[in-house]
Structure formats: C-alpha cells, structure tokens
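Visitor: Coordinates for the following, if possible.
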Amino acid sequence: MTTTVEYIRYRIASDDQPAFEDAYRKAAESLAAAPECIDYELAHCQEEQDRYILRIRWTSVEDHLQGFRRGEHFPAFFGAIRPYVASIEEMQHYLTTDVVGTGKAAGQEQL
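Guide: Numbering: from 1, shown residues only. Modelled structure (predicted):
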C-alpha cells in the first residue's frame, strides 16, 4: 500500500516545549478520530533540543487536504496547534517507497 507521509518540522524554544507537547496530545485526539489518518508520531531531536518532527501517515495527499482539512476533526486539531504554526520550518508530503524493513533490534525497544 502506497501512502502519503507528511513531515512537519518545528523549532520550539525550551520554555514552550511542555505546552507544545500538551497541544499535540490534544491535537492527537483529532488525528486518531480522522478516517484519513493512518498513524502519527511526534519526535523530539536529541542533538538540537529546540527541534521537533511530526510524522503523519495519510491515506493520500488528497484525503489529507480535501478530507481532513475540510472535515469535522480539523477545527479542533488546528485550534490546539495554532500557537505553533509560526514555528513550522517545513511542511511537506512524501510518497512511501518499497524500501522498508526492520533492523536487528526490532522488538527490543525500551518502553
């Protein structure tokens, strides 16, 4: 199955990070409820502590832009993250390829 992956890069000052993560916990409720969303993950950079990347897998770019953004779940999603829109450095859609796999440590992740 080919899916669309949206990557959103943020630069968030350390004082704002707890509120930013709380905002995405709230926004995640809308993503989880949206039929266009496959999954999502917010990651915090270890080397540059002011950077975050949000990865969202959508059923298609059209479903994201025409379905989710025009649907019932977008207003709550956008309302939660609106204060951080100016901190976006990149927001792009990518198509997945057939280059996928797991490493030897798969299934051994620490919880």
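
Visitor: Glu29 is in contact with Ala76, isn't it?
Guide: Yes. Using C-beta atoms under 8 Å, Glu29 and Ala76 qualify as a contacting pair, with a distance of 7.3 Å. From N, CA and C alone the C-beta is placed, and that goes for glycine too.

Visitor: what separates Ile8 from Asp16, distance-wise?
Guide: Counting by C-beta to C-beta, to the nearest Å, the gap from Ile8 to Asp16 is 16 Å.

Visitor: For the two, indicate the residue with more neighbours.
Guide: More crowded of Ile8 and Asp16, by other C-beta atoms under 10 Å: Ile8, with 19 against 15.

Visitor: Where do the helices of this structure begin and end?
Guide: 17-33, 61-62, 74-81 (DSSP state H).

Visitor: Can you say which of these is nearest to Gly107?
Guide: helix 17-33 (24.1 Å; C-beta to C-beta).

Visitor: any low-confidence regions in the chain?
Guide: 1-2, 109-111 (pLDDT under 70).

Visitor: And the strands in it, which stretches?
Guide: Secondary structure of the chain by DSSP state E: the strands cover 4-11, 37-44, 51-58, 88-95.
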